[in-house]
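1. Show me how the following folds:
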Amino acid sequence: MTSTSSTQRLLQVFALVLGIANIVLLVMWTQADPPAPPRDVEAAATVARTPTVQPEAAAVEASTAAPDSATPAPSEPAPTKDPVPSSAMLFGTMSMASGDVVSNGHCWLYRDGVSVGSYSLRAGTYVFVGLQLGEYRLRTRIDDQLPMDRIVLVDRAQTRLDITLDERWLLSVNAVTPDGEPLLPAVLKEMGGFQLRGLTAVAFEQPLTKDLPPSNLAKVSAGVGTFRSQSFPPRGKALPKQTVGMLALPPGRPLHVTLLMRNVMVAQQQVTPGQEEVEFVLGPSEFLAKTATVSLRVVDESGKPIADANVALNDAQTGGGGRKTDEAGRITLTNLLPGSLDLEVRVPKRTAPPVQINVPASAKLDLGDVMVRPGVPLEFDLSNFGQGKGSVRFNLLDPPGGWTADSSYMSTQDGSSRTYHVYPGRYGFVASGPNGVAVLEVNAHIAPGEPIRFDLRSGTPLRIDYKLGSGWARVELSTPAGVIVRRREVTGSSQESVRLPPGIYVALITDESGKETRREITLGAQGAVLTVP
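-> Numbering: from 1, shown residues only. Okay, the predicted model is just below:
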């Protein structure tokens, strides 16, 4: 036997041994138990980012989940020892219709209208841990993508749901002057650096015939699709100077795109499916003609004018700013974006009524005298709210001048004892915390003799189902006495839940045409449902 043949025979024997060993290892691996669920958020995130781990399959409505072709389909593991887990996990990947993973955005998970968590979509994955079994609602907000709103059934210890977002049509909304220059810089130059935070674009299936109802938001969201505005500094890739923003729209149908100054229609055009850009041509003077002017005089309780009072009219996302009154206590604010604006008057040792002013487009309003008075100190004892996040919202029940009451807010994160100096009058309070909820009315014409304490009770849920499609609505929920419980502008379909003491509540619903509808709700021990519209 030659040395060469001996070597070959040894190699053959060695290969046979390796083959037998591989077969034994494969059998042992296939009979092994599946991996145990991760025990904390960090471990859960690791599982969600590792496609080789085979978690249990997702249980979800057939019409709500689209599998990601780039992700291997999970196999069905052996039954767990605990068939009814007390804590479950929902996780998966999230991709765009193009197949690229989502690298920027957020998703939220809700149960019975109450948020149970949120997740930042930085790496195309998401995870929610510590869940109870049952039905949840998963929603997203992602730049240049259509919003997602899906029902998910979590019925196992590990529920995996890989999501592919719907296709969308991306439209660039541009605005230029008749000379072809970008409109926004031209307007800013003419107004001396005025910030146009209220400029946006929306799309409707039918053209708008008039302005939307007054809004207190910086920018109105309405219609179909989503809008990403020009921002400074830019969010993501910078947009051209002539671009107001980008609309992500559902494909396959013509739409009417409206340029809005908050809730006021500036211009409108029809666009066809797949159109890449739409251009509005406006002169700065034509644009500024939609802004408003408001005058007033600040006086004290004796009628004496107050000089150097700082006066501003702001929206819900803006504060501060403003201008000083003259020696006669007068001030005129120009180039105001229309809307339902918060009146802010700052005077040392005095307070102004917490109200909102309805400012129409092109209006020249004179509010007359605005009286500021020494604030009444209200001390709050929030020690019974329990650990966690608690809050109190309150509003003036008898606002002067026929104006609309504005809501104020305080949080237990600022301490268990708080003192506010409020404008004299009657106030309604809505308190909410881990230990329950309470609604309370207080006469604050004079300081109470002791701290205000809320008798927190467990409360019952009022579920609000928004089914607006491409429509828009403003919903104000209050007690018959006028204590504001909830105030929200909404479009599309969503759901929320508010826990309140049992009793009678009134919903004022305003649609996009300005039509108002009042509904009385009886909230019993089993809760109630309000459907909008």
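
2. quick one, strands of the stretch 201-350 of the chain?
-> 226-229, 243-249, 255-261, 264-271, 277-281, 292-299, 310-314, 323-324, 330-336, 339-346 (DSSP state E, counting those that start in this stretch).

3. Just confirm residue 278 contacts residue 176, I think it does.
-> No - Residue 278 sits out of contact with residue 176 when judged by CB atoms under 8 Å, with a separation of 11.5 Å. Quick note: C-beta positions are derived from backbone N, CA and C, even for glycine.

4. so where's this structure uncertain?
-> 1-86, 192-198, 231-237, 388 (pLDDT under 70).

5. Show me what counts as buried in the longest strand along it.
-> Scanning the chain for the longest strand, with DSSP state E as the assignment, gives strand 460-478. Residues of strand 460-478 classed as buried by neighbour count (16 or more other CB atoms under 10 Å): 460-464, 466, 468, 470-478.

6. farthest pair in those?
-> The largest distance within the buried residues of strand 460-478, taken as CB to CB, falls between 460 and 470 and amounts to 32.4 Å.

7. just the helices in this protein please.
-> All helices of the chain, identified by DSSP state H, fall at 3-30, 41-48, 183-190, 284-288.

8. In space, not sequence, find me the middle residue of this structure.
-> Nearest residue to the geometric centre of the chain (CA atoms, centre = their mean): residue 141, 8.9 Å.

9. which residues sit in contact with it?
-> Taking CB atoms under 8 Å, 6 or more residues apart in numbering, we find residue 141 in contact with 105, 106, 107, 147, 226.

10. OK, contacts around the residue lying closest to residue 363 once chain neighbours are set aside?
-> Once flanking residues are discounted, residue 363 sits nearest to residue 292: 4.2 Å by CB to CB, 6 or more residues apart in numbering. By CB under 8 Å, 6+ apart, residue 292 lies in contact with 336, 337, 338, 359, 360, 361, 362, 363, 364, 365.

11. need the contact list for residue 273.
-> 169, 251, 252, 253, 254.

12. If we use 10 Å, what do you get?
-> Listed by CB atoms under 10 Å, 6 or more residues apart in numbering, the contact set of residue 273 reads 169, 171, 249, 250, 251, 252, 253, 254, 255.

13. How about residue 506?
-> Residues near residue 506 by CB under 10 Å, 6+ apart: 476, 477, 478, 479, 480, 481, 482, 485, 518, 519, 520, 521.

14. Check the spacing between the second one and residue 298 real quick.
-> For residue 477, the distance to residue 298 under the criterion CB to CB, to the nearest Å works out to 33 Å.

15. Then the third one?
-> The spacing between residue 478 and residue 298, counted by CB to CB, is 29 Å.

16. The last one too?
-> From residue 521 over to residue 298 the distance is 40 Å, taken as CB to CB.

17. The two: who's more crowded?
-> residue 298 (25 against 16; other CB atoms under 10 Å).

18. Residue 351 is in contact with that one, correct?
-> No - because the distance of 11.9 Å does not satisfy CB atoms under 10 Å, residue 298 is recorded as not touching residue 351.

19. any common contacting residues for those two?
-> Joint contacts of residue 298 and residue 351 (CB under 10 Å, 6+ apart) are 345, 372.

20. picking up where we left off before, relative to residue 221, how far out is the residue nearest to the centre of the chain?
-> Residue 141 is 11 Å from residue 221, by CB to CB.

21. what residues do these two have in common as contacts?
-> residue 147.

22. where does stretch 323-331 sit relative to the chain's centre, distance-wise?
-> 37 Å (CA atoms, centre = their mean, to the nearest Å).

23. Ok, stretch 254-268 next?
-> 21 Å.

24. For it, list every residue counted as buried.
-> Residues of stretch 254-268 classed as buried: 255-268 (neighbour count, 16+ other CB under 10 Å).

25. Ok, stretch 412-429 next?
-> For stretch 412-429, a neighbour-count test (16+ other CB under 10 Å) marks 412, 418, 420, 422, 423, 424, 425, 427, 428, 429 as buried.

26. again, but for stretch 354-366
-> Per 16+ other CB under 10 Å, stretch 354-366 contains these buried residues: 354, 355, 356, 357, 358, 359, 361, 365.

27. Switch these over to JSON lines; also include distance to residue 208.
-> Converted to JSON lines, the buried residues of stretch 354-366 look like this (distance: CB to CB, whole Å):
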{"residue": "354", "distance to residue 208": "32"}
{"residue": "355", "distance to residue 208": "28"}
{"residue": "356", "distance to residue 208": "23"}
{"residue": "357", "distance to residue 208": "24"}
{"residue": "358", "distance to residue 208": "19"}
{"residue": "359", "distance to residue 208": "19"}
{"residue": "361", "distance to residue 208": "13"}
{"residue": "365", "distance to residue 208": "24"}
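
28. and which of those is nearest residue 395?
-> Among the buried residues of stretch 354-366, and counting by CB to CB, the member closest to residue 395 is residue 354, at 7.1 Å.

29. My guess is that closest one contacts residue 422. True?
-> Yes - the criterion here is CB under 10 Å, and residue 354 meets it with residue 422 at 7.8 Å.

30. So for these two, which residues contact both of them?
-> Joint contacts of residue 354 and residue 422 (CB under 10 Å, 6+ apart) are 394, 396, 408.

31. who wins for most neighbours among those?
-> Counting by other CB under 10 Å, top hit in the shared contacts of residue 354 and residue 422: residue 394 with 27 neighbours.

32. Just give the nearest non-adjacent residue to that residue, would you?
-> Beyond its immediate neighbours in the sequence, the residue positioned closest to residue 394 (CB to CB, 6+ apart) is residue 429, lying 4.5 Å away.

33. Okay then, goodbye and thanks.
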